[in-house]
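Enquirer: give me a 3D structure for the following:
(one chain, ligands or ions: 1)
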Amino acid sequence: MKIKLLVIGKTDHKSLLQLIEEYKNRLKHYIKFEIETIPDIKNVKNLSEIQQKEKEGTLILSKLQNTDQLVLLDDKGKHYSSVEFSEYLQKKMNAGIKQLVFVIGGPYGFSDDVYKKANEKMSLSKMTFSHQMIRLFIIEQLYRGFTILKNEPYHHD
Ligand SMILES: C[S@@+](CC[C@H](N)C(=O)[O-])C[C@H]1O[C@@H](n2cnc3c(N)ncnc32)[C@H](O)[C@@H]1O
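Expert: Numbering: from 1, shown residues only. As a prediction, the model looks like this:
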């Protein structure tokens, strides 16, 4: 199985970028992982929130393969503990899924079309994080999940 993280807009904070790189490199020891960045929509100031979400949504959907399993990161999604998340990853690998795609929405979240296409919604907290910060959090949780599956001493309950 491969895992892709689909995000909108470049990571603009240098220190956040460094941490993302660090955890991305750690994660790559366990699974094929890539981050795909959709460029920011131009002239957003002239667009309503709905128009921006729809434009971003069209771009998100254009990046997907038919066989992809689409997981939206969404503060209203399902909650997992880190151990449950590791079991979730194991189940996906056992199910023979080719590519698991986690998507992070733009500043206003996802369009209706993206919600319709999604296989599931996953929340990392009841709180809302910025679309930049959440990149690091999901990558760290993926890394943590694989260390749990390998019984490595990173996670402590
Ligand atoms: C600033 S938030 C968007 C908030 C927007 N009001 C909404 O309804 O989704 C930007 C993106 O970060 C991600 N995000 C933020 N907080 C999250 C959380 N607690 N769990 C999972 N994803 C989250 C989601 O992908 C969201 O689309």
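
Enquirer: does the lengthiest helix in the chain reach the ligand?
Expert: Secondary structure assigned by DSSP state H gives helix 133-149 as the longest helix of the chain. Yes: residues of helix 133-149 are located near the ligand by CB under 6 Å from any ligand atom, namely residue 134. Placement of C-beta: from N, CA and C, glycine included.

Enquirer: could you give me the average pLDDT of that helix?
Expert: Taken as a whole, helix 133-149 has a mean pLDDT of 98.

Enquirer: go on, stretch 40-53?
Expert: 93.

Enquirer: name the residues of that stretch that are buried.
Expert: Neighbour counts over stretch 40-53 (16 or more other CB atoms under 10 Å) mark 41, 52-53 as buried.

Enquirer: the ligand next: which of these are close?
Expert: Within the buried residues of stretch 40-53, nothing lies near the ligand by CB under 6 Å from any ligand atom.

Enquirer: in CSV: the residues you listed, plus distance to residue 148 and secondary structure.
Expert: Formatted as CSV, these follow (distance: CB to CB, whole Å; DSSP: H, G, I helix; E, B strand; the rest coil):
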residue, distance to residue 148, secondary structure
41, 37, coil
52, 37, helix
53, 34, helix
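
Enquirer: pick the one among those closest to the ligand.
Expert: residue 53 (9.1 Å; CB to the nearest ligand atom).

Enquirer: for that closest one, what are its contacts?
Expert: 105-106, 108-111 (CB atoms under 8 Å, 6 or more residues apart in numbering).
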